[in-house]
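In: Any chance you could fold what I've pasted below:
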Amino acid sequence: MKRAGSLYLWVLIGIAAGALLGVVSPVSAVALKPLGDSFLALIKLLIAPLIFCTVVEGVGGAGGATRLGRVAGRTLVYFEVVSTLALVIGLVVGNLFKPGAALNHPGLILDTAAVDGFTHRAADLTLVGYLQHLIPTTFVDAFTGQGDLLQVLLVAILIGLALSQSGPAAEPFRAVLRSTSHVLFSAIRLVMFLAPLGAGAAMAFTIGKYGAGALRDLLQFVLLFYATCAMFVVVVLGLIASWVGFSIFRYLRYMRAELLTLLGTSSSETVLAPLMQKLEQLGCGKRTVALVVPAGYSFNLDGTNIYMTLATLFVAQALGIELTLTEQLAIIGIAMLTSKGAAGVSGSGFVTLAATLIAVPKIPVAGLALIFGIDRFMSEARALTNFIGNGVAAIVISRWEGDLDLARLQSELTSETENSR
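Out: Down below sits the predicted model:
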């Protein structure tokens, strides 16, 4: 764990330096955007083939289609229950604290052009449009298209099922998969050495471009969202973790390097591979991790779900629009569908929010202009919560499957806590 502790320290230094530069020299900070983008591009370059190899290997192992169906069923049940709970919590918090009530002034909508691009993208998140994008045109297109991990996951599951039925003749292919996975994980570890630079540059750009002014008038809403996400992690995920048999606080400490990288980049993809490796180190079965984590990046987005219902109420309140209980429950139903189209990249939460508002005629989509300027600050909380939720989900499903070494999990978390003192 020495390397993880060192990375944690350097990422922390990078984020602090980036934030300081953003305050002291905003122009120079904004100019660092290509550096942060390059780090994200390197990660994305490796993610699709890595997911393909790990999922094919997992599905193609012993059990084949029977095990896949069982794990998939249990995973989807867990995802839907927890995701729905996140949506309800966002709705309850929005009704209790009414963050948009103080901004009840239609004149706040000034520049709808800023959100036009997001609303056009959101139109593709209808059920028909989503199914069209799910199936790639060609095998290669799944890796070179829009970067949707679900396309890669679909192709990997098909190949994995074929592999499970191929018998000994497929052993050379299995060996290639194992070797390729090993090389790709090594490449990810090399790229992660650049995490301090990538996270620092991304943080510098955020502070330099938007500054404190973006937060000044809407700070209450930002703080409320962060507090809600923190409450969800500590209470909801904490209770789930306790039921499984581990402490959520020790788990967060164990993942501190990845959490700091997320804080700087706001992109869950930057820590997908390290998350899978650490879950295996904690005693989760490799095949379960290979299925649950990639699926969770599209189906288990707790932070995004909280954001969608809370932000929808915020916009409605700011525009003086009263929503009935029936209309609010309808928003939950709509958000359950639109949230499934979110990818693990920065800005996807805003697109899914736009998709939700498109389906709610009573709230004008132009109201998104209210929070466009602060969305980048909120994307960190979304990414952090999504990441934590997916890690806990993998542990839960592993325990459900009898694929978790609980003694190893507790030992790893305990020893990490003691070593960090």
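In: Please name the residues that touch the nearest residue to Leu323 once chain neighbours are set aside.
Out: Nearest residue to Leu323, sequence neighbours excluded (CB to CB, 6 or more residues apart in numbering): Ala316, at 5.5 Å. The way it works is simple: take the backbone N, C-alpha and C, and place the C-beta from them, glycine included. Remark: with contacts taken as CB atoms under 8 Å, 6 or more residues apart in numbering, Ala316 is in contact with Gly100, Glu322, Leu323, Lys362, Ile363, Gly367.
In: which of the residues you listed are buried?
Out: The neighbour count (16 or more other CB atoms under 10 Å) marks Gly100, Leu323, Ile363, Gly367 as buried among these.
In: So which of these is the closest to Glu401?
Out: Nearest to Glu401 among these, counting by CB to CB, is Leu323 at 40.4 Å.
In: list the contacts for Ser266?
Out: Ser266 makes contact with Ala202, Thr206, Ser346, Arg376, Ser379, Glu380, Arg382, Ala383, according to CB under 8 Å, 6+ apart.
In: again, only this time at 7 Å
Out: Residues near Ser266 by CB atoms under 7 Å, 6 or more residues apart in numbering: Ala202, Ser346, Ser379, Glu380, Ala383.
In: Distance check, the residue nearest to the third one when sequence neighbours are not counted against His182.
Out: Put plainly, it is Ser379. Excluding its sequence neighbours, the residue lying closest to Ser379 (CB to CB, 6+ apart) is Ser266, at 4.2 Å. To His182, Ser266 is 29 Å away according to CB to CB, to the nearest Å.
In: which secondary structure element contains Gly83?
Out: For the record, residue 83 is Ser, not Gly. helix 64-97 (DSSP states H and E).
In: So which elements touch that helix?
Out: Packing partners of helix 64-97 (3 or more CB pairs under 7 Å, 6 or more residues apart in numbering; DSSP states H and E): helix 149-164, helix 219-231, helix 286-299, helix 302-318, helix 325-338, helix 375-400.
In: Would you reformat those as CSV and include distance to Leu7?
Out: Shown next, in CSV, are the helices and strands packed on helix 64-97 (distance: least, CB to CB, whole Å):
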stretch, distance to Leu7
helix 149-164, 24
helix 219-231, 24
helix 286-299, 20
helix 302-318, 23
helix 325-338, 35
helix 375-400, 16
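In: Just say which of the ones you listed is most tucked in.
Out: Greatest average neighbour count among these goes to helix 302-318 (a mean of 27), per mean count of other CB atoms under 10 Å.
In: How far does that helix sit from its chain's centre?
Out: Chain-centre distance of helix 302-318: 17 Å, with CA atoms, centre = their mean, to the nearest Å.
In: That one vs helix 325-338, what angle?
Out: 140 degrees (axes from the mean of the first three to the mean of the last three CA atoms, to 10 degrees).
In: quick one: average confidence on helix 302-318?
Out: In this model, helix 302-318 has a mean pLDDT of 91.
In: Look at Thr144 and say how many residues are nearby.
Out: 10 (other CB atoms under 10 Å).
In: Looks like Phe232 contacts Thr385 (just checking).
Out: Yes. Shown here, Phe232 and Thr385 form a contact pair, counting by CB atoms under 7 Å, at 6.4 Å.
In: any common contacting residues for the two?
Out: Contact criterion CB under 7 Å, 6+ apart; residues shared by Phe232 and Thr385: Asp302, Ile306.
In: can you tell me how far the closest residue to Lys33 other than its chain neighbours sits from Asp405?
Out: Of all residues not flanking Lys33 in the chain, Phe205 sits nearest, at 4.4 Å (CB to CB, 6+ apart). For Phe205, the distance to Asp405 (CB to CB) stands at 41 Å.
In: Check Leu45 too.
Out: Counting by CB to CB, the gap from Leu45 to Asp405 is 33 Å.
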